[in-house]
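Engineer: what shape does this take:
(one chain, ligands or ions: 1)
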Amino acid sequence: MIGIDILEIERVKNFVGNDKLLRSIFFESEIEYFSKFNNPCERIAGFFCAKEAVKKAFCCEDNINFLDIEILHKNSGQPFVVLHNNAEKLFKKNNYKNIEISISHSKTIATAICKIDN
Ligand SMILES: CC(C)(COP(=O)(O)OP(=O)(O)OC[C@H]1O[C@@H](n2cnc3c(N)ncnc32)[C@H](O)[C@@H]1OP(=O)(O)O)[C@@H](O)C(=O)NCCC(=O)NCCS
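Structural biologist: Sure, this is the predicted structure:
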């Protein structure tokens, strides 16, 4: 199963400095990652796309929220997903084997794709 999403980076400008909004969608670990960059919008938009792509790969199953999906990075920089709550339960219940994501951004657009092996 696959999911994809694309987003204009300017649409997340209002996230910067808005802690309440950021925390409604992103984990502390993710917000910490954004803070390492001079222009965090590219990263915020990329992560937003990644979470939407994960939701799509789950076939837009009900009850999967942004805070059920955590994006982290390996030492190489490659992103990976840690599922929590309903997403984790659904993944286990359906006996899915593996979940992978890839993120890319230009100055204006971010995109991400997710693949779940069943
Ligand atoms: C890493 C690399 C693929 C990024 O490509 P890019 O065209 O500069 O940037 P893109 O916008 O397409 O991609 C950026 C995303 O790539 C992902 N990425 C970074 N390193 C990655 C890797 N090793 N494997 C897979 N994905 C990676 C990240 O998700 C990043 O977005 P994020 O920081 O918001 O999560 C590219 O710089 C590259 O091939 N570098 C050579 C390897 C390298 O320098 N590794 C550094 C650590 S050893």
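Engineer: in the chain, which spans are strands?
Structural biologist: Ranges of strands within the chain are 2-8, 69-73, 79-83, 98-105, 109-117, based on DSSP state E.
Engineer: what's near enough to touch the residue nearest to Arg43 when sequence neighbours are not counted?
Structural biologist: Excluding its sequence neighbours, the residue lying closest to Arg43 (CB to CB, 6 or more residues apart in numbering) is Phe34, at 4.9 Å. Every C-beta, even on glycine, is put in place using the N, C-alpha and C of the backbone. Residues near Phe34 by CB atoms under 8 Å, 6 or more residues apart in numbering: Leu22, Phe26, Pro40, Arg43, Ile44, Phe47.
Engineer: swap in 7 Å and give it another go.
Structural biologist: Going by CB atoms under 7 Å, 6 or more residues apart in numbering, Phe34 touches Pro40, Arg43, Ile44.
Engineer: re the thing from before, could the strands of the chain be laid out in CSV, adding mean pLDDT and mean neighbour count?
Structural biologist: As requested, those are exported to CSV (pLDDT from 0 to 100; neighbours: other CB atoms under 10 Å):
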stretch, mean pLDDT, mean neighbour count
strand 2-8, 98, 16
strand 69-73, 98, 19
strand 79-83, 98, 17
strand 98-105, 98, 17
strand 109-117, 98, 20
